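>>> let's see this in three dimensions:
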Amino acid sequence: MSMNNNDISYESEHVLVVDDEDIVREPISAMLQHLGFKVDTAASGDEALEKFKKNSYSFLLTDIRMPGIDGLELIRTVKREYPKVCAIAMTGYSKEYKYVETINAGATDFVNKPFGIQEIEAKFKRGIIERNIRQELNRLSITDSLTGLYNQRHFYDRLNDEIVRGERQNRDLALILLDLDDFKHFNDTLGHQAGDDLLQKVGAVINRKMRQNVDSGYRYGGDEFAVMLIEADKLVAKMMSNRIKSGILEDCNISASSGFAVFKQGVNSKALVGEADSKLYEEKARRKAEKAATGKYEQQTDVT
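Here you go, the predicted model:
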């Protein structure tokens, strides 16, 4: 996997520079600001930890030898509490500290003082590239490659997290399961490529009909999909279910059956999925009976 250096933006990176000497700390801060970074400074480990409580940093650049909380202890604490932060250690006493010590503490790199702007830029650029690659690999690992929705593995991870949050905060949560009607016949008649194209379109509909940055969509398996609704009660779940099914019918020319369940205290992920799945297959059976009687499906608009 390659990463184009031209895609790197320093403006979006927030750095905390920590050094107990003003004569060192301020020039380094100015150097990073010249490169385009947003920079704050701290004169001690204690001050740094206080600033981490109030700000969101992507980088920590800290001297190792400092009174009180030294740089290695600061890195360990920051990485434990803010694991996504990229930490770079710096020292003017390179013989006293080994590279492996800083890495074991949680730093991603090590630089000897004094250093120039090109050297420190290279360290930060490497940290950004490695972080972006990790994020992309993580995204790919939880994404269904065909539809662009999240995959089933991430579905259960996220559902378990939301149920725990719902228990603690007494927060509403609803789950919708959807299944395309007669997809096997569609696939067998028109071929797997046409089936894949249809699943992609369905994924796009689900993504478009969800509340952005609130709800999340998943390819549960085959032609089954799931939508997790945050802060949603039964009425919202019913409305969203009908909205998504109508969108699938309009854009993909195929009907879908659905079932939903609303989280209740004491219910685990297996029970919540089971309830939604049971309602899904009740609707699917009803729709098959309707088709057998009338020769066509009737779009359901009042899910119970």
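>>> ranges for the strands of the stretch 101-250 of the chain?
If DSSP state E, counting those that start in this stretch is used as the criterion, the strands of the stretch 101-250 of the chain fall at 109-112, 173-180, 216-221, 224-230.
>>> direction included, what does the second one pair up with?
Which is strand 173-180. strand 224-230 (antiparallel), strand 256-262 (antiparallel) (DSSP bridges).
>>> could you dump those strands into JSON lines and include distance to I163 and mean neighbour count?
Quick note: C-beta positions are derived from backbone N, CA and C, even for glycine. Shown next, in JSON lines, are those (distance: least, CB to CB, whole Å; neighbours: other CB atoms under 10 Å):
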{"stretch": "strand 224-230", "distance to I163": "10", "mean neighbour count": "23"}
{"stretch": "strand 256-262", "distance to I163": "12", "mean neighbour count": "24"}
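>>> low-scoring stretches of this structure, by residue?
By pLDDT under 70, the low-scoring segments of the chain are 1-7, 93-98, 295-304.
>>> quick one, helices of it?
Taking DSSP state H as the criterion, the chain contains helices spanning 22-35, 45-54, 71-81, 99-105, 117-141, 152-169, 183-190, 192-209, 234-252, 269-294.
>>> tell me which of those sits most buried.
Comparing the helices of the chain on average neighbours per residue, with mean count of other CB atoms under 10 Å, the densest one is helix 71-81 at a mean of 19.
>>> which neighbouring elements make contact with that one?
The criterion is 3 or more CB pairs under 8 Å, 6 or more residues apart in numbering; DSSP states H and E, and the helices and strands that helix 71-81 contacts are helix 45-54, strand 59-63, strand 86-91, helix 99-105.
>>> give me the nearest residue to E73, chain neighbours excluded.
What sits nearest to E73 in space, not counting adjacent residues and going by CB to CB, 6 or more residues apart in numbering, is G45, at 6.6 Å.
>>> mind checking how far the one you found is from V39?
G45 sits 18 Å away from V39, taking CB to CB, to the nearest Å as the criterion.
>>> same deal with D19?
From D19 across to V39, the span is 12 Å (CB to CB).
>>> could the helices of the chain go into JSON lines alongside distance to V111?
Conversion of the helices of the chain to JSON lines gives the following (distance: least, CB to CB, whole Å):
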{"stretch": "helix 22-35", "distance to V111": "10"}
{"stretch": "helix 45-54", "distance to V111": "17"}
{"stretch": "helix 71-81", "distance to V111": "12"}
{"stretch": "helix 99-105", "distance to V111": "10"}
{"stretch": "helix 117-141", "distance to V111": "6"}
{"stretch": "helix 152-169", "distance to V111": "37"}
{"stretch": "helix 183-190", "distance to V111": "57"}
{"stretch": "helix 192-209", "distance to V111": "43"}
{"stretch": "helix 234-252", "distance to V111": "51"}
{"stretch": "helix 269-294", "distance to V111": "46"}
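>>> how far is stretch 188-196 from where the chain is centred?
What separates the centre of stretch 188-196 from the centre of its chain is 31 Å, taken as CA atoms, centre = their mean, to the nearest Å.
>>> ends of that stretch, what's the gap?
End-to-end distance for stretch 188-196: 12 Å, by CA to CA, to the nearest Å.
>>> same question, stretch 90-109
Taking CA to CA, the first and last residues of stretch 90-109 lie 9 Å apart.
>>> and it, how far out from the chain middle?
31 Å.
>>> what's near enough to touch the residue nearest to F124 when sequence neighbours are not counted?
Counting by CB to CB, 6+ apart, F59 is the residue found nearest to F124 once chain neighbours are left out, at 6.7 Å. If a contact means CB atoms under 8 Å, 6 or more residues apart in numbering, then F59 has 13-16, 37, 85-88, 124, 127 as its contacts.
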